[in-house]
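Visitor: how would this look folded up:
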Amino acid sequence: MREAAPLQLYRTADHGCGYFDGRIACDLVLDPAAPDLDRHYGTALAWGFRRSGDILYRPHCRDCQACIAVRVPVARFRPNRSQRRCLAGNADLEARVVAPQRSEEQLALYRRYLGSRHHGGGMDHHGASEFDQFLIGRWSTTRFLELRERGSRQLLAVAVTDVTDAGLSAVYTFFEPRSASRGLGTFAILQQLAWARREGIEQLYMGYWIQGHAKMDYKRRFQPMEGFIGHQWQPLSGVTG
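Guide: Here you go, the predicted structure:
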């Protein structure tokens, strides 16, 4: 049997930072043409990488190390008072894990979410092909966690979640903008943690966190949280919910 070729790692060209105006960013990317990215995905997560579409990347900026990969050890997580209120306030919702097959209902919700939350951010005109390219990887084991109202069956949120040997990875969540007061983003993460606990999965990977950045602030509320710093996972001291 022929040995598998070593996995190649590439550095992207400099590009504008998606989080800070005026900053220049750069990423490390695992070879997107590699035939066995699925086999390396868990290891890549454990080394601070993240999936976007079919790309596994990690920030590698020259003058900034603000982006920190974070995860929550599932067995040690306990919801705080605010999260318990969120659970109680959404007791009329049911969570269901389904195959990653785009429906018209999901696409319509996705477009309403982008129009409300990311207006003018370059994603406003995403359609079916962009939905598939961004959220459904060709090689990843992806599932959609749907949140629906009992009775009406109205779809209120979808949490795109990858299943790996290292844990669950929260890829992206979109929800009904008119129901923002429910705290659906928080509720989706709580349901991902419950899913992981049921399946005996040890980690929920939550992408990147930037201290003090308003769009990232919600992640610090899920404790205990670990960050990938200095080539190892360690507790993020001083970060509280």
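
Visitor: Touching, Ser169 and Arg51? I think so.
Guide: Yes. Using Cβ atoms under 8 Å as the test, Ser169 is close enough to Arg51 to be in contact (6.8 Å). All C-beta atoms are positioned from the backbone trio N, CA, C, and that covers glycine.

Visitor: quick one: the strands in the chain?
Guide: Counting by DSSP state E, the chain has these strands, from start to end: 9-11, 15-16, 24-25, 27-30, 50-52, 55-59, 68-73, 93-98, 142-149, 155-163, 168-175, 203-209, 226-229, 232-235.

Visitor: In a markdown table: these, plus mean neighbour count and mean pLDDT.
Guide: Formatted as a markdown table, the strands of the chain follow (neighbours: other Cβ atoms under 10 Å; pLDDT from 0 to 100):
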| stretch | mean neighbour count | mean pLDDT |
| --- | --- | --- |
| strand 9-11 | 11 | 95 |
| strand 15-16 | 10 | 94 |
| strand 24-25 | 16 | 95 |
| strand 27-30 | 19 | 97 |
| strand 50-52 | 21 | 97 |
| strand 55-59 | 20 | 97 |
| strand 68-73 | 22 | 98 |
| strand 93-98 | 15 | 97 |
| strand 142-149 | 19 | 98 |
| strand 155-163 | 23 | 98 |
| strand 168-175 | 23 | 98 |
| strand 203-209 | 21 | 98 |
| strand 226-229 | 18 | 96 |
| strand 232-235 | 12 | 96 |
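
Visitor: closest one to Ile189 among these?
Guide: Within the strands of the chain, the stretch nearest Ile189 is strand 168-175; the backing value is 6.6 Å (Cβ to Cβ).

Visitor: That closest one - contacts with which helices or strands?
Guide: Contacting strand 168-175 under the criterion 3 or more Cβ pairs under 8 Å, 6 or more residues apart in numbering; DSSP states H and E are the following elements: strand 50-52, helix 104-117, helix 128-135, strand 155-163, helix 184-199, strand 203-209.

Visitor: If we use 6 Å, what do you get?
Guide: The elements that strand 168-175 packs onto, with contact taken as 3 or more Cβ pairs under 6 Å, 6 or more residues apart in numbering; DSSP states H and E, are strand 155-163, helix 184-199, strand 203-209.
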